[in-house]
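# coords please:
(one chain, ligands or ions: 1)
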Amino acid sequence: MNPIDTQHTTPSGRRNFISRTAGAAAAIALPAPFVHAQPAKLKVGMMLPATGTFASLGTAITNGFRMAVAERGGKVGGREIEYFTIDDESNPAKAPENTNRLVQRDKVDVLVGSVHSGVALGMAKIARETGTLMLIPNAGADDITGPMCASNIFRTSFSNWQPVHPLGKVMAERGHKTVVWISWKYAAGDESARSFKEGFEKTGGKVVKELGLPFPNVEFQPLLAEIASIKPDAVACFFAGAGAAKFIADYAAAGLKDKIPLYGSGFITDGILQAVQPQAQGLLTTLHYADSLPLARDKEFRTKYATQYKLQPDVYAVQGYDTGLVLAQAMESVKGDFGNKQALARAMEGMKVDSPRGTWTMSKQHNPIQDIYLRRVEGEQNKYVSVAWKALADPARGCRMA
Ligand code: BEZ
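Numbers count the residues shown, from 1 in each chain. Modelled structure (predicted):
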């Protein structure tokens, strides 16, 4: 932990609690002439998974966010950050209570979260009602930058529509005409399925079957048996985290790897390759990040991240980092005056972000306009192959920004 951060964790969290009152007592103990007026700390509530199938995604996002803040001496717009953390367990049923703890009890200025689309939808509802600034460092739920779009909600990652939209074109170019889609049945899986079908069927291909199982189940065998009996030209999928590693291993164990080529949105192979390196070789995916981008900015980021955390960064680390960048740039533009909400929102809308993934811009509906890359698994890397779609903007269907 950065020594100047103050960290609070709810009873469901697992990190140390350092009392705010201890800090206040220390400040009171100083003789008055030596007290320099410090701007109040900015309270940031990090609502991310620390347990379950998406736990490592939550860690990478936290690491990236803290790295961006640390690069600015631990301050955004001249203000230190006071962190409040909650393990949301990727459980949408607990999202309202967890969000309210941060907003009503801890009175955070900014909500950062989450990974799971269902959790983020619950958070966004409360952010809309209370006007709390919400920055989404992963969850792709299309509605958040569609019908639920709001002046105080910004996404720094992707919409579920974005990463798989170019995949249909990629697969058609490889001669595939019939495809089975498979994913978890919740917002991220269902919306990815819709976007893939839209992109693939435009090319004349056909999604012959959509298969699904509830999140976060990993009983893939019956569905893999169904794929074997359908014998499509190829399979496309959405899975992420530990469940994605299990799917790749089971796909190979079912004898499908060399018979029916597997493709996916890049979440299927990001951050999990150490676990399934042999079974994943050659897998083609589309995503807004790759491990070997020809960008000096990315090389610098990767070296720094690996040195600091003894881990290779992945797309989630980049999204966390970019969330820190967006907050810092916006806070710098208002000189730390968080109360100036209109100017803060104006600074974020249309913001150019100099990201390790490549420069992207924030759309009017508050979602990144970004390049989507084609990647191939080689060794333990999602190697950059080409730009599958330049500057792809989410259609943001139904967004009427107030
Ligand atoms: C989602 O639920 O939106 C999601 C989770 C993990 C990776 C990508 C998307």
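# in the chain, what spans have low per-residue confidence?
1-36 (pLDDT under 70).
# could you redo the last one with a cut-off of 50?
Across the chain, the ranges flagged by pLDDT under 50 are 1-6, 10-30.
# and it, what are its domains?
1-35, 38-158+294-369, 161-287 (automatic domain parsing).
# mean neighbour count and distance to M401 added to the ones you listed, as JSON lines?
Where you see a C-beta, it was placed from the backbone N, CA and C, and this is true even at glycine. Output for those, formatted as JSON lines (neighbours: other Cβ atoms under 10 Å; distance: least, Cβ to Cβ, whole Å):
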{"stretch": "domain 1-35", "mean neighbour count": "11", "distance to M401": "32"}
{"stretch": "domain 38-158+294-369", "mean neighbour count": "21", "distance to M401": "6"}
{"stretch": "domain 161-287", "mean neighbour count": "20", "distance to M401": "18"}
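# in TSV: those, plus distance to Y384.
Output for these, formatted as TSV (distance: least, Cβ to Cβ, whole Å):
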stretch	distance to Y384
domain 1-35	32
domain 38-158+294-369	7
domain 161-287	10
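# show me what contacts whichever residue of the stretch 301-402 of the chain sits closest to the ligand?
In the stretch 301-402 of the chain, no residue comes nearer to the ligand than Y316, which is 7.9 Å away by Cβ to the nearest ligand atom. Contacts for Y316 (Cβ atoms under 8 Å, 6 or more residues apart in numbering) come out as 56-57, 60-61, 64, 115, 137-138, 270-271.
# the closest residue to it other than its chain neighbours is in what secondary structure piece?
Spatial nearest neighbour of Y316, excluding adjacent residues (Cβ to Cβ, 6 or more residues apart in numbering): A60 at 3.8 Å. Using DSSP states H and E, A60 falls within helix 55-70.
# with just CA atoms, put that helix into CSV.
This file holds the C-alpha atoms of helix 55-70, laid out as CSV (Å, rounded to 0.1, in the frame of the first residue of the first chain):
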residue,chain,number,x,y,z
ALA,A,55,-10.9,-12.3,-7.9
SER,A,56,-7.7,-11.9,-9.9
LEU,A,57,-9.4,-9.3,-12.2
GLY,A,58,-10.2,-7.2,-9.1
THR,A,59,-6.6,-7.4,-8.0
ALA,A,60,-5.3,-6.3,-11.4
ILE,A,61,-7.7,-3.3,-11.6
THR,A,62,-6.7,-2.2,-8.1
ASN,A,63,-3.0,-2.5,-8.9
GLY,A,64,-3.4,-0.5,-12.1
PHE,A,65,-5.4,2.2,-10.5
ARG,A,66,-2.9,2.6,-7.6
MET,A,67,0.0,2.7,-10.1
ALA,A,68,-1.6,5.6,-12.0
VAL,A,69,-2.1,7.5,-8.7
ALA,A,70,1.4,6.7,-7.4
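# what residues does it touch?
2, 5, 46, 48-50, 75-76, 81, 85, 87, 112, 115, 137-138, 240-242, 271-272, 304-305, 308-309, 311, 313-314, 316-325, 328.
# quick one: strands adjacent to the helix or strand that it is followed by?
Note on helix 55-70: by DSSP H and E, the next helix or strand toward the C-terminus is strand 75-76. When pairing is defined by DSSP bridges, strand 75-76 lines up against strand 79-87 (antiparallel).
# got a markdown table for the contacts of Y316, with distance to the ligand too?
Formatted as a markdown table, those follow (distance: Cβ to the nearest ligand atom, whole Å):
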| residue | distance to the ligand |
| --- | --- |
| S56 | 11 |
| L57 | 6 |
| A60 | 11 |
| I61 | 11 |
| G64 | 15 |
| V115 | 5 |
| P137 | 11 |
| N138 | 6 |
| D270 | 8 |
| G271 | 10 |
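# name the residues of this structure found near the ligand, please.
Counting by Cβ under 6 Å from any ligand atom, the chain comes close to the ligand at 115-117, 138-140, 160, 188, 240, 267.
# ok, the residues you listed vs N91, which is closest?
H116 (7.9 Å; Cβ to Cβ).
# who are the contact partners of that closest one?
Neighbouring residues of H116 by Cβ under 8 Å, 6+ apart: 49, 54, 88, 90-92, 139, 186, 188, 215.
# D88 is in contact with K94, correct?
Yes: if you go by Cβ atoms under 8 Å, K94 and D88 touch, sitting 6.6 Å apart.
# if we can go back for a sec, what about the contacts of helix 55-70, which are in helices?
Judged by DSSP state H, the subset of those located in helices is 241-242, 304-305, 308-309, 316-325, 328.
# if I look at the closest residue to G131 other than its chain neighbours, how far off is E349?
Leaving aside its sequence neighbours, G131 sits nearest to N152 (Cβ to Cβ, 6+ apart; 5.5 Å). Taken as Cβ to Cβ, to the nearest Å, the spacing of N152 relative to E349 amounts to 12 Å.
# kindly report the same for V276.
On the measure of Cβ to Cβ, V276 and E349 end up 40 Å apart.
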